[in-house]
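Engineer: Give me the fold of what follows.
(chains A, B, C and D)
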There are 2 protein chains.
Amino acid sequence: MSEDPKTGGRAPSIWIRPERSARGPSPVHSRAEIAAAGIRLADANGLGAVTMRSAAAVVGTAPASLYRYVATRDELVELMADQVYGEFSYAPPTRQAVTDLLRLAQQGRALYQRHPWLLDVPGTGNLPGPNAVAFIEHVLAALASVDLTGPAKLETIGLFSGAVRLFAQTELAQQQAGQDTAQWQGSLAGYLLRIAAAGQHPHLAAALADQPLPRDGQAGVPADEAPQEPLFDRAMTRILTGLLPPAADHGSGRARSRAE
Amino acid sequence: MSEDPKTGGRAPSIWIRPERSARGPSPVHSRAEIAAAGIRLADANGLGAVTMRSAAAVVGTAPASLYRYVATRDELVELMADQVYGEFSYAPPTRQAVTDLLRLAQQGRALYQRHPWLLDVPGTGNLPGPNAVAFIEHVLAALASVDLTGPAKLETIGLFSGAVRLFAQTELAQQQAGQDTAQWQGSLAGYLLRIAAAGQHPHLAAALADQPLPRDGQAGVPADEAPQEPLFDRAMTRILTGLLPPAADHGSGRARSRAE
DNA sequence: GGAGAACTGCGATCAATGTTCGCTATAGCA
DNA sequence: TGCTATAGCGAACATTGATCGCAGTTCTCC
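Structural biologist: Numbers count the residues shown, from 1 in each chain, chains lettered A, B, ... in the order given. Below is the predicted model of the structure:
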């Protein structure tokens, strides 16, 4: 989303640039190593903790040296994102698009759980790295039997990824709010309740009065994961069946876009 | 780390803090004015163009003075976001949840079109401002006849908003890529085609070979809005019908989805 | 009406961060 | 054996968010 009005002679994406050239001394480090360092920092303290200086410190080099591997900090983040995309493991596709996509969605969800900072990485505007391309390839494989044009499939992939991201975001937000700091929970609840009490928002008041806290008990054991899983699956399945054309698979020739 | 467990002792959100106190000279400016300045900057050059200095310059004051109105830059962005949420206009709800929500989604889409930087504003983690609360209230009104618990409705609102955001994001990305800079389009296309040509990604190759440009055939006239609209409506309707329980309206039993 | 408190505007300034420049050492190529 | 392109990096610069303290202003309370 970074705006660059001029962009005269733009440096090519990091995925086009070769990692190193033949001449000169061998680099001590690598893109993968630097990306791993950034990932460690981001996993621990969020994307904001990834600075050129901190990343350089983890790698064990000087800040300026990172620019031999990466043209800009955003490229570092690109590297990090694509590296974690490599954590997908792809099973051979069945013939059921929804089944395969749901499997991928579950992995995506786990990925966001493991690397929450991924939500802060803008997904658009950059070229997809090799692991992202591999992901696209496998989603296309899952969509093989679906009656959509090529471009429509690519757009569907965007929506699919966005949906996974959206669910992960919602899930992370609420589990972070509910578990990490009760004060934030209380802050939001109190805030909304006060607004509701003012009388100007009857529907809000009703919604809040309905069932304030179906969640926490008195025990410290957080049973957060288990009941969430089928909800994710069910919701994602609904989204997917809505996103894809009805799976009438009796190959009747020409593929058509669902629009027009 | 524990500070003051009582009284919500955290630095209170800007929505809790009063805009001004009784004592002291009358402020020359206001939150709304500063937010408007930020919005103008962001509309013109993206969210990155909104710095304390630039915003202060637009308002006509010194950078340090802004901190009399806003505790941090993020609060400025909060103000901006809530101010544009005020651009919604709410029609009296029909009894059709999907219809009403679709209307709201269309407005949201237009909002993102008018203020693309809104996509860069993190939606979670902050208290909703007054206009966001008004939006929630109206979505709840649209959901009045829907068979969901209060908390479930609130969660549905999150998903609904996220879906609108997701569609807007996809739409903006592709219209920006397709129209603004042909070089980026060519860059992505060439990049993917080169990967496809390598032979390791057959499905990608097939998708790219399918139908490169299903767009308009007439040159010159950019008919970009019109053909997009029904697609948005149809897709959003599908998402909504998937998100909501089937609209058995008069309290018949438990609603179920057909997919299992 | 006067004193003090609380607040506003803001110049000056600090710290953090992304990024660049230039120097030296190094490794492949002719 | 030079030539050249590159790696590592110390030093420094520009931008930006944020703070401090001072002077002027307005309200409250006696």
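
Engineer: Show me which residues of chain A sit near DNA strand D.
Structural biologist: A:20-21, A:23-29, A:61-65, A:67-69 (Cβ under 7 Å from any atom of the strand). For the C-beta atoms, the positions are set from N, CA and C on the backbone; glycine is no exception.

Engineer: now residue A:153: how far from chain B?
Structural biologist: Taken as Cβ to the nearest Cβ, to the nearest Å, the spacing of residue A:153 relative to chain B amounts to 5 Å.

Engineer: check contacts around that residue.
Structural biologist: Shown in contact with residue A:153 (Cβ atoms under 8 Å, 6 or more residues apart in numbering or on different chains): A:140, A:143, A:146, B:207.

Engineer: cool, and residue A:107?
Structural biologist: Taking Cβ under 8 Å, 6+ apart as the criterion, residue A:107 is in contact with A:87-89.

Engineer: now do residue A:159
Structural biologist: With contacts taken as Cβ under 8 Å, 6+ apart, residue A:159 has the following neighbours: A:243, B:166-167, B:170, B:235.

Engineer: can you pull the contacts of residue A:47?
Structural biologist: Contacts for residue A:47 were tallied using Cβ under 8 Å, 6+ apart; they are A:77, A:117, A:120-121.

Engineer: Quick check: the gap between it and chain B.
Structural biologist: Here the distance between residue A:47 and chain B works out to 11 Å (Cβ to the nearest Cβ).

Engineer: Please apply the same query to residue A:136.
Structural biologist: Applying Cβ to the nearest Cβ, the value for residue A:136 to chain B is 6 Å.

Engineer: do residue A:123 as well
Structural biologist: 8 Å.

Engineer: Does that residue touch residue A:161 like I think?
Structural biologist: Yes: in terms of Cβ atoms under 8 Å, residue A:123 counts as a neighbour of residue A:161; the distance is 7.1 Å.

Engineer: higher neighbour count, those two?
Structural biologist: residue A:161 (20 against 17; other Cβ atoms under 10 Å in any protein chain shown).

Engineer: And the average pLDDT for stretch A:31-43 is what?
Structural biologist: Along stretch A:31-43, the predicted confidence averages to a pLDDT of 98.

Engineer: Please identify the buried residues of it?
Structural biologist: Buried residues in stretch A:31-43, defined by neighbour count with 16 or more other Cβ atoms under 10 Å in any protein chain shown: A:31, A:33-39, A:41-43.

Engineer: possible to save the residues you listed as CSV with distance to residue B:51 and secondary structure?
Structural biologist: Compiled in CSV, these are given as follows (distance: Cβ to Cβ, whole Å; DSSP: H, G, I helix; E, B strand; the rest coil):
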residue, distance to residue B:51, secondary structure
A:31, 31, helix
A:33, 34, helix
A:34, 29, helix
A:35, 29, helix
A:36, 33, helix
A:37, 29, helix
A:38, 25, helix
A:39, 29, helix
A:41, 26, helix
A:42, 25, helix
A:43, 30, helix
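
Engineer: between those residues, which is closest to chain B?
Structural biologist: If you rank these by distance to chain B using Cβ to the nearest Cβ, residue A:42 comes first, at 15.6 Å.

Engineer: Disregarding flanking residues, what is the spatial nearest neighbour of the closest one?
Structural biologist: When the adjacent residues along the chain are set aside, residue A:42 lies closest to residue A:117, with 4.1 Å between them (Cβ to Cβ, 6 or more residues apart in numbering or on different chains).

Engineer: how many neighbours does that neighbour have?
Structural biologist: Residues near residue A:117, counting by other Cβ under 10 Å: 23.
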